[in-house]
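**Student:** Model the following, please.
(one chain, ligands or ions: 1)
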Amino acid sequence: MKDLRGSNAILTGASRGLGTLMADALAAEGINVALAARSADGLEKVSADIADRDVKVVCIPTDVTDASQLDALVTTATNELGPIDILVNNAGIESTHPFDDYPPEEIVRLIDVNLTAPLLLTRKVLPGMLRRERGHIVNIASLAGKGGFPYQAPYASTKAGLIMFTHMLRVELQDSPVGCSVVCPGFVSEQGMYADMRDQTGIKASRLLGESRPEKVAEAVVKAIKTDASELIVNPSPMRPMIAMAQLFPDVVPRVMKSLGVTALARRVVAAQSKAEDPEVERP
Ligand SMILES: NC(=O)c1ccc[n+]([C@@H]2O[C@H](COP(=O)([O-])OP(=O)(O)OC[C@H]3O[C@@H](n4cnc5c(N)ncnc54)[C@H](OP(=O)(O)O)[C@@H]3O)[C@@H](O)[C@H]2O)c1
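**Tutor:** Next up, the predicted model:
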């Protein structure tokens, strides 16, 4: 989509973290935004922070795991702003556990928030976009969906699913003016789930992987919409050669993860969590 001014967007996960920067980046482009997440207070704060942008902003408290609330989100956003041109599926959760110890209800919740909700929300807005011959969907996945992250198998699985969903939808949409992109951030500094984990545990990504500034993710969202990019990776060091190698030689993945420091990082997070839960226990 080239001319974004006056477009209407729904942004999920807008109450904190990377969503706050995405809200500002969309508003800076002249896009009216419907901010969605569970925390009404968080949404109101983000709305106040972007009030000086010359756009309409509406806060719609929504739990994306509730299908009726997804209906209400689209209806309210459409009533308040007009037809939805842009959907940014950003809401996401992560958790870290050895898989043999993963709480089953947590697995279900991860899939509901990270994968089912974006697919259902896309299903709701896509017919209108196709009718009006205008629209773009951006899914926020993760580098974890390209290369995985040990002890976060459910999270990585949902993000891999979201990446594949985007690519298959692009095939279906290739002859239409409606676009679809996936943005895959690596570790992001200062705001968001990785920064929260780093602040809580003091554990940070290896220098080889590095951290991106959160603005880079918001910039990637706008770039994806403007250029109809299929997939944008946001990471300080180039990751595609590594990802290609993992595709060609899947057997080397555990060794690559180890040499990049990813496995050690994940194990330290698990150990820090176990210790916090029970000082007597330290695993793995
Ligand atoms: N930060 C990183 O380093 C990083 C790296 C790669 C990918 N990502 C991806 O980037 C996206 C944003 O993550 P973040 O780092 O900004 O995380 P965050 O700071 O934890 O924020 C997550 C957002 O999702 C919302 N959310 C969670 N569960 C929800 C639910 N059931 N219904 C509605 N909204 C819900 C939260 O709002 P409420 O709690 O108010 O509902 C919040 O606004 C996620 O998809 C994440 O996987 C982040």
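
**Student:** what about the strands in the stretch 1-150 of the chain?
**Tutor:** Secondary structure of the stretch 1-150 of the chain by DSSP state E, counting those that start in this stretch: the strands cover 8-12, 32-37, 57-61, 86-89, 135-140.

**Student:** The lowest-mean-pLDDT helix or strand in the chain vs the ligand: in contact?
**Tutor:** When the helices and strands of the chain are scored by mean pLDDT, DSSP states H and E, helix 262-277 comes last with a mean of 82. No - Helix 262-277 does not reach the ligand (Cβ under 6 Å from any ligand atom); its nearest approach is 12.5 Å. Just so you know, the C-beta spots here come from the backbone N, C-alpha and C atoms, and that holds for glycine as well.

**Student:** Residue 232 falls within a helix, correct?
**Tutor:** No - secondary structure assignment places residue 232 outside any helix; it is strand (DSSP: H, G, I helix; E, B strand; the rest coil).

**Student:** ok, now how distant is it from residue 198?
**Tutor:** Using Cβ to Cβ, to the nearest Å, residue 232 is found at 23 Å from residue 198.

**Student:** Then residue 257?
**Tutor:** Relative to residue 198, and taking Cβ to Cβ, residue 257 is found at 19 Å.

**Student:** Check residue 92 too.
**Tutor:** Using Cβ to Cβ, residue 92 is found at 17 Å from residue 198.

**Student:** Next, count neighbours for residue 54.
**Tutor:** 9 (other Cβ atoms under 10 Å).

**Student:** Quick one: the helices in the protein, in order.
**Tutor:** Using DSSP state H, the helices of the chain run over residues 18-28, 40-49, 67-81, 104-111, 117-132, 144-147, 153-173, 193-201, 214-227, 240-248, 253-260, 262-277.

**Student:** Relative to the whole chain's centre, how far out is the third one?
**Tutor:** So that's helix 67-81. Computed by Cα atoms, centre = their mean, to the nearest Å, the chain-centroid distance of helix 67-81 equals 20 Å.

**Student:** cool, the last one as well?
**Tutor:** Averaged C-alpha coordinates place helix 262-277 at 23 Å from its chain's average position (Cα atoms, centre = their mean).

**Student:** Give the buried residues for it.
**Tutor:** Using 16 or more other Cβ atoms under 10 Å as the test for burial, helix 262-277 gives 262, 263, 265, 266, 267, 269, 270, 271, 272, 273, 274.

**Student:** Would you check which pair of these lies furthest apart?
**Tutor:** The span of the buried residues of helix 262-277, defined through Cβ to Cβ, is set by 262 and 274 at 18.8 Å.

**Student:** what's the first-to-last distance across stretch 176-191?
**Tutor:** Stretch 176-191 has its terminal residues 36 Å apart, counting by Cα to Cα, to the nearest Å.

**Student:** ok, now stretch 80-91?
**Tutor:** 21 Å.

**Student:** So residue 155 sits against residue 94, correct?
**Tutor:** Yes - Residue 155 lies in contact with residue 94 (Cβ atoms under 8 Å); the separation is 4.5 Å.

**Student:** more neighbours, these two?
**Tutor:** residue 155 (24 against 20).

**Student:** Can you name the residues that contact the more buried one?
**Tutor:** Contact analysis of residue 155 by Cβ atoms under 8 Å, 6 or more residues apart in numbering lists 93, 94, 95, 110, 114, 142, 144, 149.

**Student:** touching the ligand at all, stretch 149-159?
**Tutor:** No - on the criterion Cβ under 6 Å from any ligand atom, stretch 149-159 is out of touch with the ligand, staying 6.6 Å away.
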